[in-house]
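1. what follows is a predicted protein model with its sequence.
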Amino acid sequence: MRHLWIRQGLALITLIAAMAAVGPRPTTAGTITMSVSGDTTLRHPASMQTLPDEHTTVIQLPDGTYRVFAASNTQLSGSGRTGALVLRTTDLYRFKPARGFGNPATLGLVLSAPSAFGDCTFTPPSLFDQNYAAPGSVVRDPTLPEGNLIMLYEAEQHCDGTQFNHNFYASTGFARSSDGGKTWPPPGPTSAARYAVLQVEGPQPTAPGSPNAGDALPSGFVDTVPQSCPPGTTPCPPLYNLYVTYTNTGNPAANPPLLPDGYLRVARAQLGQPDPLVFTKWLDDGWNGQGLGGEDSPVTSSKGCGAAAAQLMAQISYNDDLQLYLLTFVCANVTNGVVTQGAWYFATASTLEQMSWTTPQLIANSQFPAPQNVCSHGASFDGWYPSFVSPGHAEGHTGLTGTVFFLSGCDGSLEGRHFRSRTFTISIGP
């Protein structure tokens, strides 16, 4: 509930992934169209007022049920603490806290920030995730035994000294769990399994009321690395990359100022290496930017919905039927510094190595106005944080049909928020 950034100018504007799959012959990108159905409002505990507050991860279990990692607050005892919740569902419609995950007193919150969203009374220095820590994606680490998970999360600081600032300084956080997501590392300056992996170049703004800045809205995916092993190497050991799509929200404190340009970004790291993992950002047609404090470049050649627009809240999957990587995201039109309309867009690519995405196309039936003067912070849109899932496919993989989970309402405050879903359909033309 922090993204007041969309209100500010072109404001701020993230995703990734895939595992190799065998399927039908790759499809010509120009023949692909996508559409979605109308909304279904989902059922969940009323205390989860901000569900979802980032992307939603859905993992299908062997018994046919689903485990869901989502970002929300608990709103218990007035804490307003936001973090990672673990839910369960049998029908992708009714969601309940997962048994055995987290503290029952906080409805299963398994990871959170050390301070509440608006609390600036802590003893400095602050941690990179001092006021907000909530998952963008939870993925398996295939280089470690079963049960080892990685969480890529939105990490925010909201205090200019002791003064609260609704605007954020964002980092992309990284955390590990070795027990299937039941426990995650607590916050701390020296945690070996919870640390920042992406931050913008330039110093962190310190002036009271500074605008939003940082690498925000992360989403992740694991992909096999193409390789050729020497003759006689049996078996050829697989390698894996973890890709993260994110939004560079700029850094006005830099000299010259770094301002958001409305395009998506991507970074990656090779799994199987010791922590902390070292990420590199896509920069100047290659993986040339440092994850912490490095520069980056857009990964699409056009925005899709117009020059004065913002791409954000992205996700990458591998589509088993198309045999192509699928990039999906929100494209928000901005007029005079205000979001006036939003829609979902998609692009495809045959490889993640070159970030060679096709021109983004509108997902039919996803375009809606952004009504003004209804949010105390942020913007209202029927479609924030779209998370695409195809039951029956591996995590991070999609098919020609499936479900999209999303937030309807204000992305920066509590007005009109609903956890909803739509059915998506991919069609292949002649």
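-> Yep, it's here.

2. can you show me the helices along this structure?
-> Applying DSSP state H to the chain gives no helices.

3. can you tell me how far the residue nearest the centre of it sits from Thr245?
-> Residue closest to the average C-alpha location in the chain (Cα atoms, centre = their mean): Ser219, at 3.0 Å. For Ser219, the distance to Thr245 equals 5 Å [Cβ to Cβ, to the nearest Å]. Every C-beta, even on glycine, is put in place using the N, C-alpha and C of the backbone.

4. could you give the bridge partners of the closest residue in space to Gln361 that isn't next to it in sequence?
-> Once flanking residues are discounted, Gln361 sits nearest to Phe346: 5.9 Å by Cβ to Cβ, 6 or more residues apart in numbering. Beta bridges link Phe346 to Thr328, Gln361, judged by DSSP bridges.

5. so Phe346 makes contact with Tyr325?
-> No - taking Cβ atoms under 8 Å as the definition, Phe346 is not a contact partner of Tyr325, at 10.7 Å.

6. what's the spacing between Glu353 and Leu327?
-> 14 Å.

7. so for these two, which sits in the more crowded spot?
-> Leu327 (28 against 14; other Cβ atoms under 10 Å).

8. could you check how far that one is from Ser219?
-> For Leu327 relative to Ser219 (Cβ to Cβ), the value is 10 Å.

9. same thing with Tyr132?
-> 16 Å.

10. got the phi/psi numbers for the closest residue to Thr31 other than its chain neighbours?
-> Distance criterion Cβ to Cβ, 6+ apart; nearest residue to Thr31, sequence neighbours excluded, is Gly429 at 3.9 Å. Per-residue torsions, Gly429: phi -80, psi 180 (degrees, to the nearest 10).

11. you'd agree Gly429 is up against Thr33?
-> Yes - contact criterion Cβ under 8 Å: Gly429 and Thr33 qualify, at 6.9 Å.

12. in terms of neighbours, single out the busier of those two.
-> Thr33 (15 against 9).

13. how about the nearest residue to the more buried one, chain neighbours excluded?
-> Closest to Thr33 by Cβ to Cβ, 6+ apart is Ser427, at 4.9 Å.

14. and what of Pro238?
-> Thr224 (5.8 Å).

15. neighbours of the residue lying closest to Leu42 once chain neighbours are set aside, how many?
-> Of all residues not flanking Leu42 in the chain, Phe419 sits nearest, at 4.8 Å (Cβ to Cβ, 6+ apart). Number of residues near Phe419 (other Cβ under 10 Å) recorded here: 22.

16. which residues touch the residue nearest to Thr33?
-> 32-35, 400 (Cβ atoms under 8 Å, 6 or more residues apart in numbering).

17. then Ser297?
-> 265, 281-285, 289.

18. any idea of the pLDDT on it?
-> We have a pLDDT of 97 for Ser297.

19. the one 4 residues further on now?
-> Reported pLDDT at Ser301 in the predicted model: 93.

20. what's the answer for the one 4 residues further on, then?
-> According to the predicted model, the pLDDT of Cys305 comes to 90.

21. with the one 5 residues further on instead?
-> We note a pLDDT of 94 for Ala310 in this prediction.

22. can you verify my assumption that it contacts Asp261?
-> No - if you go by Cβ under 8 Å, Ala310 and Asp261 don't touch, sitting 9.0 Å apart.

23. neighbour count for these two, which is higher?
-> Ala310 (30 against 15).

24. just checking, what packs against the longest strand that the chain contains?
-> As assigned by DSSP state E, the longest strand anywhere in the chain is strand 163-177. With contacts taken as 3 or more Cβ pairs under 8 Å, 6 or more residues apart in numbering; DSSP states H and E, strand 163-177 sits against strand 132-140, strand 149-160, strand 194-198, strand 213-224.

25. neighbouring strands for that strand, and are they parallel or not?
-> strand 149-160 (antiparallel), strand 194-198 (antiparallel), strand 213-224 (parallel).

26. what about the last one, average pLDDT?
-> Just to be clear, that refers to strand 213-224. pLDDT averaged over strand 213-224 gives 97.

27. tell me the angle it makes with strand 132-140.
-> Here the directions of strand 213-224 and strand 132-140 differ by 10 degrees (axes from the mean of the first three to the mean of the last three Cα atoms, to 10 degrees).

28. residues near Thr335, how many?
-> Count around Thr335 with other Cβ under 10 Å applied: 12.

29. how much space between the residue nearest to it when sequence neighbours are not counted and Gly83?
-> Nearest residue to Thr335 in three dimensions, chain neighbours excluded: Ala308, at 7.1 Å (Cβ to Cβ, 6+ apart). From Ala308 over to Gly83 the distance is 34 Å, taken as Cβ to Cβ.

30. out of these two, which sits in the more crowded spot?
-> For Ala308 versus Gly83, the count of surrounding residues by other Cβ under 10 Å is larger for Gly83: 24 against 15.

31. hang on, the more buried one packs against Gly108?
-> No - applying Cβ under 8 Å, one finds Gly83 not in contact with Gly108, separated by 9.9 Å.

32. enumerate every residue touching His418.
-> 41, 407-409.

33. gap between the residue nearest to Leu42 and Pro142?
-> 30 Å.

34. what does Thr358 give?
-> 28 Å.

35. flag the shaky bits of the stretch 151-300 of the chain, pLDDT-wise.
-> Along the stretch 151-300 of the chain, no part satisfies pLDDT under 70.

36. alright, calling it a day.
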